[in-house]
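In: Quick one, structure for this:
(one chain, ligands or ions: 2)
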Amino acid sequence: MVARVALDLILRREFDYFIPPQLEGQVLVGSRVKVPFGSRLILGSVTTLLPQSEHPNLKSINKVIGEHAHIPPKVFELARWISDYYCCPLDATLRSVLPEAVRQEEPGWKEQLVVTFVNEPTDAHELSVRMREILALLREKKSARLALFLKEAKTTSATLRKLEEAHLVRIAPEISERDPYANEVILPTQPLELNPEQKAAFEKIAASMEAKKSTSFLLHGVTGSGKTEIYLQAIARALERGQGAIVLVPEISLTPQTVERFKARFSSGPLQTLVAVLHSHLSAGERHDEWQKIRQNRARIVIGARSAIFAPVEKLGLIIVDEEHEHSYKQEESPRYHARDCAVMRGQLEGAVVVLGSATPSMESFFNAQSGKYTLLEMPTRVDDQKLPLVRVVDMRLEARHDKGQGVPIFSRVLRERILQRLEKGEQTILFLNRRGYASSLQCPKCGYVAGCPNCSVSLTYHRHNQKLICHICGHNSAAPTVCPEAKCRNPAIRYAGIGTERVEEALPKLFPKARIARMDSDALKRKDDFKRILGDFRTGKIDILLGTQMIAKGLHFPNVTLVGIIYADLTLHMPDFRAGERTFQLLTQVSGRAGRGDIEGEVVVQAFTPFHPAIQYARRHDYLGFYDQEIEFRQQLSYPPHGRVAMLTMRGRNEEKVSLCADHVRKELDATLGSAGQFIVAGPAPAPLLKAENFFRYQIMLRGRQMPKLSRYLQGFTERVKMPEDVLMTIDIDPVNLV
Ligand code: ADP
Ligand code: ZN
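Out: Ligands and ions are numbered 1, 2, ... in the order given. Model (predicted):
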């Protein structure tokens, strides 16, 4: 027998090896193996088993790692699908599928010395009184970590070694599992009684599980409609049926608060199981242990970000994708997979039920629900019939005129007045601005100078706290000048344009001297627990106004927040992206959803320079369907998703002219060979909206059409055929989310 192996080296191809007789039967698809490659031994994953190979002189597999195949068969099928659909070689795909922490040859468990009581001493043992005391203490404990026990018993390891020689105790290394949530106190919760809307949705999901049909549901429930409770009860149902579950949440909402809700429900009772957590802030060791808990079938529930879709859960019965519209589900490097679409695919492969949940479903998912690909579940009201907040849109152009000569104020009169009211009543306010820093650009009004990034085609953001100009694309930073840097100008009156969160934070105390204010954005969070601490202070009423970026837009649930102010609602509208409207609608709806989650009705003030834009107006009315209907028309006219699919080819390199020439060449090749894979509209090449990023110039060609799998196959052949010069790179992004 022969095994085809994808090496960890990423060579964009696979290699065949003999399975030596002594390893026969141990090598499976998905197994990790060690194989000779050149003069070295390299690790890799088995992708195929063959009776023989067309290659002569095969070398033999050296070793099989672990007892089980690391990648279960269905996950392997998913990896193959990703590889084909997203045009990514299998070896590169497998690198995303299997976390680095579990790829090593030696298992990555942390071991600690543990001392265990084994035998009662007899009179034959000549023990000192002190030793008998130590032994008595250990008898009580049965076993303990050596280091801790030494401290507690106030003794030395030499003493314990003597007891070990007398066969009274045993000292041996034991695996000590790392638990990233070890310090959390998690109180168990009981299932809530579902309201009629929740019940209807839950029963459809449960019936589907019962029927063992792989159905994908789109759970469209407004913020606060109780979607999470449905997830929890559906998971409980899966466990009762002996099945496991995966819950995907966007990285940004993997807060301790979210994780706790899942751990709390399954921490005790008949359905007790470990809940494994996978996200990017785990240490390699923690990730290894969490993954192994899943692989060993001890954790039956996994909650994690994007890559948790590859978790090796056995008998997977349920996959939940919360906030399914979130763009972070798309991986922005190869393999450029979308975790939501992979969830649906994995559901089909495993015969599992998939639930995609959102208050603002993506256009793609709602379209799929309308066409019958997904089953739509609607929950239009909040739990306990709380009203959705009243949203007021303020036309900032009028505010500018009002404040004569002062330019546009940060706060409209309405927002100022509303914040004051909240402060008087002891209620809380959330202010949202999706731009960090102090000012988005630094300009000289005299000579027109704008501080730009030397590596990217964007202006630098001014950060006041460290007096720096920082590029939000590449991180380049330099000291902020105090006079115009142009040699001929040197104007001391340089101007900061485009407000950021730092600027708002500075303005707040002047308007509301008594208010207690906190800012939450990635600059403000310096230490690991800052996020938790600020939220804790807000929850306990130590903060009146919480100001932040999209970090505070979702998932947070504070009953005393009765006002949400959106400082600049049109910020996302001006992005050169066909999803700009959708994105704005989603963000406004999500942020508004933070208001009025308690007994008092909430209010939202939206400040905008284009107040009549449909994305803003439909968000104001909480009218998802209205927004969808007008947006889908625009998408149809231009064959944009969900009415067609997009593939984006990007050529990048340091020499703009060369990149542009290559892009022209690619276009010619496409025109000449696309043929029957065609019925695709080809646009470009054109410079990317952000032409230069991190010193690379980028040119794009966009293809739009319907039959994506066919195009994927064509593009795979295309990349193998069309050779680029060394210093120009072509990437293929299927169903791209980021077009800039
Ligand atoms: P969503 O995820 O849809 O925004 P949540 O699941 O966070 O909504 O629910 C909002 C609040 O309502 C939570 O505090 C939750 O505990 C509570 N809740 C959910 N379902 C019920 C129910 N059936 N009865 C009482 N309270 C509920
Ligand atoms: Zn830059």
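In: which helices and strands does the helix or strand hosting Leu113 pack with?
Out: Here Leu113, judged by DSSP states H and E, is contained in strand 111-117. With contacts taken as 3 or more Cβ pairs under 8 Å, 6 or more residues apart in numbering; DSSP states H and E, strand 111-117 sits against helix 129-141, strand 143-145, helix 146-152, strand 169-175. (Glycine included, C-beta is placed from N, CA and C.)
In: just so I know, which of those lies nearest ligand 1?
Out: strand 169-175 (36.1 Å; Cβ to the nearest ligand atom).
In: In the stretch 251-400 of the chain, which residue sits closest to ligand 1?
Out: For the stretch 251-400 of the chain, Cβ to the nearest ligand atom, closest residue to ligand 1: Val383, 4.0 Å.
In: Nearest residue to that residue in space, ignoring adjacent ones along the chain?
Out: Distances taken as Cβ to Cβ, 6 or more residues apart in numbering place Gly226 nearest to Val383, at 4.4 Å, with adjacent residues excluded.
In: Quick one: residues contacting Val503.
Out: Residue 503: Arg, not Val. Neighbour list for Arg503: 410, 438-439, 464, 496 [criterion: Cβ atoms under 8 Å, 6 or more residues apart in numbering].
In: any chance of those residues in TSV, with secondary structure too?
Out: What follows is the contacts of Arg503, written out as TSV (DSSP: H, G, I helix; E, B strand; the rest coil):
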residue	secondary structure
Ile410	coil
Tyr438	coil
Ala439	strand
Arg464	coil
Tyr496	strand
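In: Which member of those is positioned nearest Asn655?
Out: For the contacts of Arg503, the minimum distance to Asn655 (Cβ to Cβ) is 32.8 Å, reached by Ala439.
In: What number of neighbouring residues does that closest one come out with?
Out: Ala439 sits with 23 neighbouring residues when counted by other Cβ atoms under 10 Å.
In: repeat for Gln550
Out: So Gln550, with other Cβ under 10 Å, has 16 neighbours.
In: next one: Asp570
Out: 19.
In: Tell me who's in contact with it.
Out: 584, 608-610, 613, 616.
In: Surely it is in a strand?
Out: No. Asp570: not assigned to a strand; according to three-state DSSP it is helix.
In: In helices, which of the contacts of Asp570 fall?
Out: 584, 616 (DSSP state H).
In: which among the contacts of Asp570 end up buried?
Out: 584, 608-609, 613, 616 (16 or more other Cβ atoms under 10 Å).
In: Which two of the contacts of Arg503 have the greatest separation?
Out: Ile410 and Arg464 (14.6 Å).
In: And those two? Which one has more around it.
Out: Ile410 (20 against 16).
In: So the more buried one is in contact with Glu505, correct?
Out: No. Using Cβ atoms under 8 Å, Ile410 makes no contact with Glu505, being 10.5 Å away.
In: Using the three-state scheme, assign the residue lying closest to Gln26 once chain neighbours are set aside.
Out: In this structure, Gln26 finds its nearest non-sequential neighbour in Val64, 4.7 Å apart by Cβ to Cβ, 6+ apart. Here Val64 is strand, with the state taken from three-state DSSP.
In: you'd agree the residue nearest to Val383 is up against Thr381?
Out: No. Using Cβ under 8 Å, Gly226 makes no contact with Thr381, being 9.6 Å away.
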